Structure formats: structure tokens, C-alpha cells
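**Q** Coordinates only, no sequence provided:
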């Protein structure tokens, strides 16, 4: 049984419409499925938590074997129809990673996760692949610890400019209107421009697991990346791989408004790293400290505030159909 979770609000409110368009493709595969719709009081995270904590048999003794070698009733097989935020909810909802297999149909506006997953562009081919229910990818998951709380992330977690953009977009009065008319990305662009012009810098120190410290007296942002893209297609970490058990860090420091506007488009192609104001490195774990409490995001969700964040690779892997 496939458990298909649809976020109706994804893709500027077109999630349900997108799923109804591809529903006949699932019918054609002959695989049985049940559909759940997220909504007010019923988050993707809550639905996944219920599916992965009930009805899954305990791991049998000696069952440490290939994930495709066990019968299907030993797993919670879940398909997410949504965007990066929906997938973040899914990974934070999973209660048994070894007994959960996940499929993903990207239907968001940013779709940064899908960019790195080499998903088929043909939706029929993607549905066929999911219907086989075979794990083809085991992906690293990031872990962010702040405010005495842990939060998993698929793509990235950061502090500074990118987190501020996410925070203010979520609270923008324009967001709902622009989403309804299919211009949801515009609110991100307008918010980013406003923040670039304000260009608020802060002191930042990053300590990696080997004890080395990097100091940035005039930091604009610091982000830990598990994938190459964030922010709707910006390749902030061109060397990131989601299977190498490391995070790739990108830090901008000492950049003025004009300089940032000049170099920012280069990040679309991962070429921003040639500028001396950009520092990139990789590490399995690091602590990011700032001189004041600031907004923090995980996969674009920014309800968090702290002056310290510990980021690392989570000990579990995400088992994917795609």
C-alpha cells in the first residue's frame, strides 16, 4: 500500500490540482494506495508520524539486510506530493527510518531538493519508478540543534541573510496574494532586495569537529548545505553530495550591498565561490556562533532564533524510491 500525502497549498496553492492530474498514472500501475491531504491541524509531519509509528512490525532478529529483501508489509511506504517544505515535514515526522521508504513528486515553487535528485522529467516515468517500491537512493540527513531543540533538514540550515529572507517572507502580507496569482517567487525577490540594501552584518564564528575555528567579523550569512541548491535554484554549495556524510558550508563576509548584488547571480551557477568574500569548506559537524540572537532556518522554515546552532549529519539515512 502506498500512502500518498498531498500538500494542497504547495506550488502556489495548486497541490491538489497537480495530484488529480497525475492520479490516473497511479491507477494505471495497479498499485493500491490511500491519499491523505495535509491542512490546518493536520500537517505533513503529523501524518507521517502516525504512519511510521503504527502498524510497522518490530525489526526481527538478524533483519539487518537489504531494504528491498523484506516483504512490503514490513514498511511504511509514503509518497510526498509537495515541495521542499513538505519533504522537510516528512523527514521530521518519520519515527522509524529503517522501516520507512519514501517517494517524492516535486510540486513546489522552489524544488531545490528535486534539482539534486535527478528525477525523471516525465511524470509517467516517475510514477512507474515509485510504483516499483524499490529503494534506489539512501540520502544523508542534516541535523540542526538550537534552542535546546533538534530539527532535521534535507537541504540546508543557515543563519543570517537567507534565514532572514525566509522569516520575513513567511510573515509578508503579499505572500498569499502573490501565490494566488502564480507569482509566489516575487515576494522572495522583493524581500531579498530589501534585506540586501539593509545589509546587516554580524560577528560569526564557526568551530568544526576537529577544533578549528573560522572567524567572520562582518558576516552576512552562514549556511550548512546537504545539497547543492537552496533559495529556488541558487547553487550555494557546488561540491555538496548527499551521500558523503559531510555538510558543505558557504559563508559570505565583508560584502557590501553593491558587491552582494553583483556576485549573487553567480550563485545560480555555483561561480560565487571564486570571490574572496565567499568561504566554502566541508565538515561532518560544526557549531556556528554569533554575537547576537538571529533567525535560523531549516529547509527554508525560519521560526527559530538563537545565537548558536550545532549542525551535523544525522545517524540515519533517508530511504528513497527515486
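**A** Sure, I can see it. This structure is a prediction, so every number in the text was calculated from the model and none was measured.
**Q** quick one: residue 272 and residue 260 touch, right?
**A** No. Assessed by Cβ atoms under 8 Å, residue 272 is found out of contact with residue 260, at 9.9 Å. Where you see a C-beta, it was placed from the backbone N, CA and C, and this is true even at glycine.
**Q** pLDDT-wise, which helix or strand of the chain ranks last?
**A** helix 174-180 (a mean of 62; mean pLDDT, DSSP states H and E).
**Q** What average pLDDT does the host helix or strand of residue 307 get?
**A** With elements delineated by DSSP states H and E, residue 307 resides in strand 301-313, which encompasses its position. Taken as a whole, strand 301-313 has an average pLDDT of 94.
**Q** Contacts for the helix or strand that comes right after it, please.
**A** Moving toward the C-terminus from strand 301-313, the next helix or strand (DSSP H and E) is strand 318-320. Taking contacts as Cβ atoms under 8 Å, 6 or more residues apart in numbering, the residues outside strand 318-320 that touch it are 67, 91, 94, 97-98, 100-104, 117, 135-141, 154.
**Q** of those residues, buried ones?
**A** 67, 91, 94, 97-98, 100-104, 117, 135, 139-141, 154 (16 or more other Cβ atoms under 10 Å).
**Q** which of those lies closest to residue 196?
**A** For residue 196, the nearest member of these is residue 154. The distance, counting by Cβ to Cβ, is 26.2 Å.
**Q** That closest one contacts residue 85, correct?
**A** No. In terms of Cβ under 8 Å, residue 154 does not count as a neighbour of residue 85; the distance is 10.2 Å.
**Q** so what's in contact with these two at the same time?
**A** Here residue 154 and residue 85 have residue 299 as joint contacts, going by Cβ under 8 Å, 6+ apart.
**Q** Give me the spatial nearest neighbour of residue 205, chain neighbours excluded.
**A** Spatial nearest neighbour of residue 205, chain neighbours left out: residue 289 (4.7 Å); criterion: Cβ to Cβ, 6 or more residues apart in numbering.
**Q** Would you agree the one you found is in contact with residue 213?
**A** No. Under the criterion of Cβ under 8 Å, residue 289 lies out of contact with residue 213, with a separation of 9.4 Å.
**Q** Please enumerate the shared neighbours of the two.
**A** Shared contacts of residue 289 and residue 213, defined by Cβ under 8 Å, 6+ apart, comprise 205, 206, 207.
**Q** How about the secondary structure of the spatially closest residue to residue 124 that is not a sequence neighbour?
**A** With Cβ to Cβ, 6+ apart as the criterion, residue 124 has its nearest non-adjacent residue at 5.5 Å, and that residue is residue 25. Here residue 25 is recorded as helix under DSSP: H, G, I helix; E, B strand; the rest coil.
**Q** How about residue 276?
**A** Classification of residue 276 using three-state DSSP returns coil.
**Q** Please apply the same query to the one 3 residues further on.
**A** Following three-state DSSP, the label given to residue 279 is strand.
**Q** ok, what's across the strand from it?
**A** With DSSP bridges as the criterion, the beta-bridge partners of residue 279 are residue 251.
**Q** tell me what the helix or strand harbouring residue 164 is packed against?
**A** Using DSSP H and E, the secondary-structure element containing residue 164 is helix 161-170. Packed against helix 161-170 by the contact rule (3 or more Cβ pairs under 8 Å, 6 or more residues apart in numbering; DSSP states H and E) you find helix 184-198, strand 213-225, strand 285-298, strand 301-313.
**Q** Can you tell me the strand partners of the last one and which way each runs?
**A** If I follow you right, that is strand 301-313. In the sheet containing strand 301-313, the strands it pairs with under DSSP bridges are strand 142-146 (antiparallel), strand 285-298 (antiparallel).
**Q** Other residues contacting that strand?
**A** Strand 301-313 has contacts (Cβ under 8 Å, 6+ apart) with 85, 88, 140-147, 149, 151, 157, 159, 163-164, 166-167, 170, 224, 226, 245-247, 284-298.
**Q** thinking again about what came up before, next, the buried residues of the strand holding residue 307.
**A** Using 16+ other Cβ under 10 Å as the burial criterion, the residues of strand 301-313 that qualify are 301, 302, 304, 306, 307, 309, 310, 311, 312, 313.
**Q** Distance of the closest residue to residue 37 other than its chain neighbours relative to residue 23?
**A** Spatial nearest neighbour of residue 37, chain neighbours left out: residue 6 (5.2 Å); criterion: Cβ to Cβ, 6+ apart. Summarising the geometry, the distance separating residue 6 from residue 23, computed by Cβ to Cβ, to the nearest Å, is 10 Å.
**Q** more neighbours, those two?
**A** Set side by side, residue 6 and residue 23 show unequal neighbour counts under other Cβ atoms under 10 Å, the larger going to residue 6 at 25 against 16.
**Q** I figured the more buried one hits residue 16, correct?
**A** Yes. Because the distance of 6.2 Å satisfies Cβ under 8 Å, residue 6 is recorded as touching residue 16.
**Q** Give me the common contacts of those two.
**A** Shared contacts of residue 6 and residue 16 (Cβ under 8 Å, 6+ apart): residue 37.
**Q** Now do the domain split for this structure, please.
**A** Residue ranges for each domain of the chain read 2-135, 149-315, as given by automatic domain parsing.
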